[in-house]
Each structure stands twice: as C-alpha cells, then as structure tokens.
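Undergrad: using only what follows, build the 3D model:
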Amino acid sequence: MGKLQGKVALITGAARGQGEAEARLFVEEGAQVVLGDMRDDLGKVVAESLGSSALYMNLDVSREESWANYCAGALEAFGKIDVLVNNAGILKLGSIAETPLDDYMHVIQVNQVGVFLGMKAVLAPMTEAGGGSIVNISSIGGLAGIPGMVSYVSSKFAVRGMTKTAALEFGALGIRVNSVHPGAVDTPMIAPSEAGDGAADVSNIRKGLPLQRISDPAEIAKLVAFLASDESSYCTGSEFTADGGMMAGMAG
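TA: Presented below is the predicted three-dimensional model:
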C-alpha cells in the first residue's frame, strides 16, 4: 500500500516539470489527483497517462472563482480533499531598477496570491474531511535574497510567511501546513525562453554546489509526498530545504 493510499490531492502547475513529477508520484503512492494548470493540452495528456486516478482541470491560481471551480470539480470527482500542493509558479528575472511594475505584479499574482487563494479555497472541504496537509512550494529564494530576482524572491518569502501563519490558524482543525524550499531544479521554468535573458546558468550553479548537480523534479516530489502523507504527522509550520547543500555555503 502506498503512503498516500486513499487520499485526494490537488496539485497546481501539474502539466509539466515539478508538478507533473509530483502528480505521477502521488498516483504511484495511491492517491487520486486533480491536476490544475493553464496548459490544457499538456495537462490533459499527463492526466490521461495516469488513468482513472487522475483528473485534469483548467486553473488560474490568481483568480478566486477559478479556485472555486477547481475545488468543486475535485469534490464532484473524488468526494473530498485531503491534500493541496501549491506548486504553480513563474519566474521573471530583473533587478529592482529594471523590473516593470506589471512584471513584478504578474509574479506576485501567481506565486503569492495563488498560494493565498489556494489555502483559503481548501480550508472548508479539508476541515470537513477531518484534516489534511497543505504543502506550499517556496524556494531557496524564500530563505535568502538573490540579485536580479526581486519579484520571485519577494513572492517566495511571502509564501514562507503565509505558511507559518496558516499553520497557526489551521492546526486546531487538523490541517498541517509546511513549505518546501528547492534549490535549482531541472524544469522548463529556468529556461531563458520563460525566465528571460540572464536565466540561470546551470553549469555555474552545479559547480558551486556540494553535491555538484542540480535536482531532478522527482527528488523534490519525494519530499512533497512525505509532507502530504501521514508519515509527517507532527510536522507543521516548518521549512524543508532540498537544495544540494546550496544554503550551507558554496563549495568552491
């Protein structure tokens, strides 16, 4: 029996990358999963490949009404909500001086407001289910500043703070809330076509890490699955870092 057997999980940003890896592992571990994303073509393909345990729904995490539809669809399909993984996120590079307000607010709406709306949306159904687990994907950019990433860092620090506040507010309801702080992960988000000019130079990052490599999305998914499962039953309001030793200091 898998560690997530019988659980119903919502995973945002699940059409590809880290979210897709989480969805695949969750189904493997026995969960029923509702994948949310705005990349409908990709999301439907992933869900179909996972069989009857998975459902894809269009979700704009920055819109409250979209969250309401997403949760309603999950309840209709699977009857309850036990887990929420707030995984959806975007990255736009730029210094404080060079970042247009519209770009800054776009990142905030997705990465920060999306997490707030997600936690708010699942509170009632998760309480009705008798409790659950919320896993908010932050970043090492939620633990330390990074030059040229002001909007991303701002949003990820906010996720870290909201996680702790939610843990305090939701604990008596049996709902645990934790944040995950990955370092460099091999996903499409860090590609120049999405992050913009000056996107992460993976070779330079790799050289400076104690483990000498960046993460595969499946490695982060295993940590997320642990936090979603009852194996982490006494963990709430905490930060879990998976960064290849990056925050320990640069190896060379």
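Undergrad: wait, is residue 55 part of a helix?
TA: No - counting by DSSP: H, G, I helix; E, B strand; the rest coil, residue 55 falls outside a helix, being strand.
Undergrad: any idea how far it is from residue 110?
TA: For residue 55, the distance to residue 110 equals 22 Å [C-beta to C-beta, to the nearest Å]. For the C-beta atoms, the positions are set from N, CA and C on the backbone; glycine is no exception.
Undergrad: who has more neighbours out of the two?
TA: Using other C-beta atoms under 10 Å as the criterion, residue 55 and residue 110 rank with residue 110 on top: 23 against 20.
Undergrad: so what's that one closest to, chain neighbours aside?
TA: The shortest distance from residue 110 to any residue other than its chain neighbours is 5.0 Å, reached at residue 90 (C-beta to C-beta, 6 or more residues apart in numbering).
Undergrad: strands along the chain, start to end?
TA: For the chain, the strands defined by DSSP state E occupy 8-12, 32-37, 54-58, 83-86, 132-137, 175-182, 239-242.
Undergrad: need those strands in a markdown table (columns: mean pLDDT).
TA: Converted to a markdown table, the strands of the chain look like this (pLDDT from 0 to 100):
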| stretch | mean pLDDT |
| --- | --- |
| strand 8-12 | 98 |
| strand 32-37 | 98 |
| strand 54-58 | 98 |
| strand 83-86 | 98 |
| strand 132-137 | 98 |
| strand 175-182 | 98 |
| strand 239-242 | 95 |
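Undergrad: so which of those comes closest to residue 169?
TA: Closest to residue 169 of these, according to C-beta to C-beta: strand 175-182, at 8.7 Å.
Undergrad: how far out from the middle of the chain is that closest one?
TA: Relative to the centre of its chain, strand 175-182 is centred 9 Å away, using C-alpha atoms, centre = their mean, to the nearest Å.
Undergrad: what angle sits between that strand and strand 132-137?
TA: 20 degrees (axes from the mean of the first three to the mean of the last three C-alpha atoms, to 10 degrees).
Undergrad: partner strands of strand 175-182, with direction?
TA: If you go by DSSP bridges, strand 175-182 pairs up with strand 132-137 (parallel), strand 239-242 (parallel).
Undergrad: closest one to residue 159 among the strands of the chain?
TA: In terms of C-beta to C-beta, the element of those nearest to residue 159 is strand 132-137, at 5.2 Å.
Undergrad: quick one: contacts of that closest one?
TA: With C-beta atoms under 8 Å, 6 or more residues apart in numbering as the contact definition, strand 132-137 has outside contacts at 18, 81-87, 89, 115, 118-119, 122, 126, 159, 162-163, 166, 170, 174-180, 182, 224, 227-229, 232.
Undergrad: just the buried ones from the residues you listed, in ChimeraX syntax?
TA: Listed next is the ChimeraX selection for buried residues among those, using 16 or more other C-beta atoms under 10 Å:
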select :18,81,82,83,84,85,86,87,89,115,118,119,122,126,159,162,163,166,170,175,176,177,178,179,180,182,224,227,228,229,232
